[in-house]
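*Asks:* build me a model:
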Amino acid sequence: HSEAEADEVLRDIAGQEFTIAGIKRTEKRRSPTPPFITSTLQQEASRKLNMTPRRTMAVAQQLYEGVDISGEGTVGLITYMRTDSLRLSEEALAAARDFITDRYGPAYYPGQARHFRKKEGAQDAHEAIRPSNVRLDPESIQADLTREQYRLYKLIWSRFVACQMSDARYDAVQIDARCAGHAFRASDQILKFSGFTAVYEEGRDDEAEERSSSLPDLDGSERLTAEKQEKAQHFTQPPARYTEASLVKTLEEKGIGRPSTYAPTITTILARGYVTRENKALVPTELGVLVTEMMTENFKSIVDMQFTADMEAASADVPPPSGDEVKPFSASKRISADGGPTAWDQPAAELTEDKGPERSPDAPGQDPGPEAAEPPESPPQETGPAPKRKKNPSAPRSRKKPVQEDMASLAAAVLGGGGGGAPAVPERADR
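*Replies:* Below you'll find the model as predicted:
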């Protein structure tokens, strides 16, 4: 609505009473989020711990490889951290059930284990990321961990425990009121049973909304007045810039790359100056824009969001070789310098004086005979590697060109492919 319409509504309701048109009360439930996979771990660590994906994976690697725990020795605290699977082993589910009922009570366990649906395209090679022993809670081993290890382990442990807990329940209320022919609505919800939120709540990419004050307990007969009136103008906002967390989420949703490539991808575009980090936002630089335009124009088959999916689909369509197609190494075809088959491809019986080397008479496994015991004297022959060639002092010394020159030549060849051919790349002096 326009500002004039808003001002008209404020004039109409000034000093007027509000009547309650209806009150609706319902119970709402919130279910826990699945356990971590690589992408969601990187996103949540970025939101809650302000850790980059690269640092997240480095600390997770430490937890996976093992940490010295007092009285336990070296213990691997989490399962493998590069995974796209939401699967949990039956042993882990049973351990979580026993732990939840012992610590929080039977009401906090839903009665049966939660299983989460496999995502489309997931390879499902490993379990979801979870603690290896749920009984090792973060507080009990905090003294043996670094600050980063403790915070990340607590995040992983809490998410796993919460994913097997009961729903959180809320009492939701919605109040409709009318005044001077205008309709108004207020809504609120109050936590009734904490459920999984007693352990963990998922973070958000955007800023948390301001918590509104609780609504009064009304029965519908009250007549109300407005204590304060405000008008606010809202504009349609453009999409927010990517943060590291939201970029990882988009890479996963669009099937770009794999869990093991998310962190290196972000590290690479930052290291090469294609983007810069401003607060938490990733802002493209002029270099990044130019490189993207050049790559998109010249390498359309690679700079494609479907590249990973298409490559995996093509790999899946390759049939395994049959017995007839597998040829032994000795029967493989080789071409010599003159275009014919090499000696390796000829039967051993054909290796005569004019077709190949004969076996030496004193080769191992043969009896040299009495005459070969004392060979006649002959001039000593040099053995071993060939002598090095002497350098010609008058010849120009070879100079390796800097990498920048090679890259510049390559770029010139790529960009010059439109009109009369690409410019020739100069040969190196030492070739």
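*Asks:* give me the buried positions along the longest helix anywhere in the chain.
*Replies:* Using DSSP state H, we find that the single longest helix of the chain is helix 147-162. The neighbour-count check on helix 147-162 (16 or more other CB atoms under 10 Å) flags 148-162 as buried. All C-beta spots, glycine's among them, are computed from the backbone N, C-alpha and C.
*Asks:* tell me what that helix is packed against?
*Replies:* Counting contacts by 3 or more CB pairs under 8 Å, 6 or more residues apart in numbering; DSSP states H and E, the secondary-structure elements packed against helix 147-162 are helix 38-49, helix 53-65, helix 90-103.
*Asks:* for the ones you listed, which one sits closest to residue 245?
*Replies:* Smallest distance to residue 245 across the helices and strands packed on helix 147-162 (CB to CB): 3.9 Å, for helix 38-49.
*Asks:* other SSEs contacting the closest one?
*Replies:* Counting contacts by 3+ CB pairs under 8 Å, 6+ apart, helix 38-49 packs against helix 53-65, helix 147-162, helix 244-253, helix 262-271.
*Asks:* what angle sits between that helix and helix 244-253?
*Replies:* Orientation check (axes from the mean of the first three to the mean of the last three CA atoms, to 10 degrees): helix 38-49 against helix 244-253 gives 170 degrees.
*Asks:* for the stretch 151-300 of the chain, which segments count as strands?
*Replies:* All strands of the stretch 151-300 of the chain, identified by DSSP state E, counting those that start in this stretch, fall at 168-179, 182-193, 223-225, 275-278, 281-284.
*Asks:* about what we covered before: now do the longest helix of the chain and helix 90-103, the angle between them.
*Replies:* Using the same axes, to 10 degrees: helix 147-162 against helix 90-103 is 90 degrees.
*Asks:* contacts for helix 147-162 next, please.
*Replies:* Contact partners of helix 147-162, identified using CB atoms under 8 Å, 6 or more residues apart in numbering, comprise 32-33, 35-36, 41, 44-45, 48-49, 51, 55-56, 59-60, 62-63, 67, 77-78, 92, 96, 99-100, 128-131, 134, 137-138, 141-142, 145, 196-197, 199-200.
*Asks:* distance from the chain centre to it, please.
*Replies:* Relative to the centre of its chain, helix 147-162 is centred 18 Å away, using CA atoms, centre = their mean, to the nearest Å.
*Asks:* mean confidence score for that helix?
*Replies:* Mean pLDDT, computed over helix 147-162, is 96.
*Asks:* looking at this, residue 29 is in a strand?
*Replies:* Yes. Counting by DSSP: H, G, I helix; E, B strand; the rest coil, residue 29 falls inside a strand.
*Asks:* now the residue nearest to it when sequence neighbours are not counted: how far from residue 108?
*Replies:* Distances taken as CB to CB, 6 or more residues apart in numbering place residue 167 nearest to residue 29, at 4.4 Å, with adjacent residues excluded. Residue 167 is 10 Å from residue 108, where distance means CB to CB, to the nearest Å.
*Asks:* tell me which of these two has more neighbours.
*Replies:* Counted by other CB atoms under 10 Å, residue 167 and residue 108 do not tie: residue 108 has more neighbours, with 20 against 15.
*Asks:* what about that one, distance to residue 264?
*Replies:* Taking CB to CB, one finds residue 108 at 39 Å from residue 264.
*Asks:* next, the buried residues of stretch 232-251.
*Replies:* By 16+ other CB under 10 Å, the buried positions in stretch 232-251 come out as 242-249, 251.
*Asks:* just confirm residue 267 contacts residue 56, I think it does.
*Replies:* No. At 11.5 Å, residue 267 does not count as touching residue 56 under the criterion of CB atoms under 8 Å.
*Asks:* ok, the two, which is more surrounded?
*Replies:* Between residue 267 and residue 56, counted using other CB under 10 Å, residue 56 has the larger neighbour count: 26 against 16.
*Asks:* show me what contacts that one?
*Replies:* Contact analysis of residue 56 by CB under 8 Å, 6+ apart lists 41-42, 45-46, 49, 152, 263.
*Asks:* by neighbour count, which of these wins?
*Replies:* When neighbours are taken as other CB under 10 Å, the top entry among those is residue 42 (31 neighbours).
*Asks:* okay but it is in contact with residue 262, surely?
*Replies:* Yes. With contact defined as CB under 8 Å, residue 42 counts as touching residue 262 (6.1 Å).
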